[in-house]
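1. okay, predicted coordinates and the sequence, questions at the end:
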2 protein chains.
Amino acid sequence: MTPAGRRAGNPDTRTEILEAARDEFGESGYRRATIRGIARRASVDPALIHHYFGTKDELFAASIALPFAPGDLMDGVFEGGRDGAGRRLARAFFTIWETEQARASLLGVLRTAISGDERATAAFREFLLEALRDHLAAHIDGDDARLRAVTVASHLVGMAITRYVVRLEPVASASIDDLVDLVAPRLQSYLDQA
Amino acid sequence: MTPAGRRAGNPDTRTEILEAARDEFGESGYRRATIRGIARRASVDPALIHHYFGTKDELFAASIALPFAPGDLMDGVFEGGRDGAGRRLARAFFTIWETEQARASLLGVLRTAISGDERATAAFREFLLEALRDHLAAHIDGDDARLRAVTVASHLVGMAITRYVVRLEPVASASIDDLVDLVAPRLQSYLDQA
DNA sequence: TTCGCAATTCAACAGGTGTTGACAGACTTC
DNA sequence: GAAGTCTGTCAACACCTGTTGAATTGCGAA
């Protein structure tokens, strides 16, 4: 189709590849996604992907970079103290998932981690640890603080799966406001119970 | 290694293959699991698998059969009315996941559904619908009954993922009693709120 | 203008995959 | 004990995968 050699103009093909990769990994996870599929989506030869990003591993790593720092986000959630933190947490969580780029990245990580790949699982575990569990536990009292923190994280992960992965109604097309109203009180109760 | 031809004795090789398949699909999901890997685990030639089960699809279908009927289970949960149903639901859920065979099957379904395979996702959706959402919603009042039912299911799915898939501590090695104590009140509150 | 470098494709590799058909050995039945 | 059926392996197929090296074309600087 496309003739060999450099194209006319100065198209940002590298970025197009990265976006195609993010979408493909988001839809299929690491294993099911193929270099050839990503190349097709970016209208590019597979070899070009290796030219820019090296191995499939490195491409995946580059494609799941998040447009925010989880730590900062958690700081915002607890800025006003524990009162209302459940609500702010729920809103922050769903808001992130609604932004297209973040959703694709998060889906890629989630799908890959759950697929059974040991390295991906470990990475996801670290992510949940640093981003959620430890920050949450720091604001919970009692000796089961970490247990309750992970339970909060579990609830959120579960919501993401039914809404964005399985797309089960009526959660899939509920408004964020409704979801926050519903979930926030239970999250808060996990945080508060002494 | 093993000589060609029928083996001595009457070993139930078919069952061994099925167990190997269940374990392999449970660890890796449909895509990552390979016929050759299952054959290796069952100490058998790959062709024998096709002889017994036909295609990989059919083997997967045979391997995820659950040793219980979800409908019956839900009947038990609501037998004594809505009072205490949250607790009975949580206990039933974790108890099932603790039985080895069921866990492998459930992991296989979960991993495959979340991997992005459209057919598997649809199947999982139907499963959640029939097994959880509709049964739960029938015992919840208010016009957001289905929304709250799916939220309950989401929480449970999330717990299964952190405990059995990601194995994030301290949820991974908490006792079932502790988990039930923690989660049941919130499930109950989803069921009760009018 | 020319020259080097970056962008891009082409063709091929080595390896893994599901699946198939032909063959071999042991149990079952008459 | 011979015939037939079930259990099992071997060898090969067609296909898809990630990856590589060489070749081709355009851009920017000297």
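-> Arrived safely, thanks for sending. Numbers count the residues shown, from 1 in each chain, chains lettered A, B, ... in the order given.

2. just the helices in chain A please.
-> Per DSSP state H, chain A carries helices over the ranges A:13-32, A:35-41, A:46-53, A:56-63, A:70-77, A:85-98, A:100-115, A:118-127, A:134-137, A:145-160, A:176-192.

3. adding distance to DNA strand C and mean neighbour count, write these out as a markdown table.
-> (C-beta placed from N, C-alpha, C; glycine too.) What follows is these, written out as a markdown table (distance: least, CB to the nearest atom of the strand, whole Å; neighbours: other CB atoms under 10 Å in any protein chain shown):
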| stretch | distance to DNA strand C | mean neighbour count |
| --- | --- | --- |
| helix A:13-32 | 3 | 21 |
| helix A:35-41 | 7 | 17 |
| helix A:46-53 | 3 | 15 |
| helix A:56-63 | 13 | 17 |
| helix A:70-77 | 32 | 15 |
| helix A:85-98 | 31 | 20 |
| helix A:100-115 | 14 | 21 |
| helix A:118-127 | 16 | 16 |
| helix A:134-137 | 37 | 19 |
| helix A:145-160 | 29 | 24 |
| helix A:176-192 | 38 | 18 |
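
4. want to throw those helices into CSV with mean pLDDT?
-> Shown next, in CSV, are these (pLDDT from 0 to 100):
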stretch, mean pLDDT
helix A:13-32, 96
helix A:35-41, 97
helix A:46-53, 96
helix A:56-63, 96
helix A:70-77, 90
helix A:85-98, 96
helix A:100-115, 95
helix A:118-127, 91
helix A:134-137, 92
helix A:145-160, 97
helix A:176-192, 97
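
5. what residue in chain A comes nearest to chain B?
-> A:Gly158 (2.5 Å; CB to the nearest CB).

6. quick check: closest non-adjacent residue to that residue.
-> With CB to CB, 6 or more residues apart in numbering or on different chains as the criterion, A:Gly158 has its nearest non-adjacent residue at 2.5 Å, and that residue is B:Gly158.

7. likewise for A:Gly108?
-> A:Phe25 (3.7 Å).

8. picking up where we left off before, so the residue nearest to A:Gly158 sits right up against A:Arg163, yeah?
-> No: with contact defined as CB atoms under 8 Å, B:Gly158 does not reach A:Arg163; the gap is 11.7 Å.

9. re the thing from before, wait, doesn't the residue nearest to A:Gly108 sit right on A:Thr34?
-> No: using CB under 8 Å, A:Phe25 is not in contact with A:Thr34; the gap is 10.5 Å.

10. on that earlier part again, how about the contacts made by the residue of chain A closest to chain B?
-> B:Ala153, B:Ser154, B:His155, B:Leu156, B:Val157, B:Gly158, B:Met159, B:Ile161 (CB atoms under 8 Å, 6 or more residues apart in numbering or on different chains).

11. gap between the residue nearest to A:Gly158 and B:Arg88?
-> Separation of B:Gly158 from B:Arg88 (CB to CB, to the nearest Å) stands at 19 Å.

12. what does A:Leu59 give?
-> 47 Å.

13. swap in A:Asp45?
-> As judged by CB to CB, A:Asp45 and B:Arg88 stand 58 Å apart.

14. now A:Asp192
-> Between A:Asp192 and B:Arg88 the computed distance is 25 Å (CB to CB).

15. same thing with A:Ser63?
-> 44 Å.

16. and A:Asp143, by the same measure?
-> Counting by CB to CB, the gap from A:Asp143 to B:Arg88 is 27 Å.

17. tell me, what residue is most central in chain A?
-> Residue closest to the average C-alpha location in chain A (CA atoms, centre = their mean): A:Leu106, at 1.9 Å.

18. pretty sure it sits against A:Thr99.
-> No: in this structure, A:Leu106 is not within contact of A:Thr99 by CB under 8 Å, at 9.7 Å.

19. anything in contact with each of the two?
-> Between them, A:Leu106 and A:Thr99 share no contacting residue under CB under 8 Å, 6+ apart.

20. and A:Leu66, what pLDDT?
-> pLDDT, A:Leu66: 86.

21. hmm, it is touching A:Ala102, no?
-> Yes: in terms of CB under 8 Å, A:Leu66 counts as a neighbour of A:Ala102; the distance is 6.1 Å.

22. A:Ile161 versus the nearest residue to A:Ile114 once chain neighbours are set aside, what's the distance?
-> Leaving out its chain neighbours, the residue that sits closest to A:Ile114 by CB to CB, 6+ apart is B:Ile114, at 4.7 Å. With the distance defined as CB to CB, B:Ile114 ends up 7 Å from A:Ile161.
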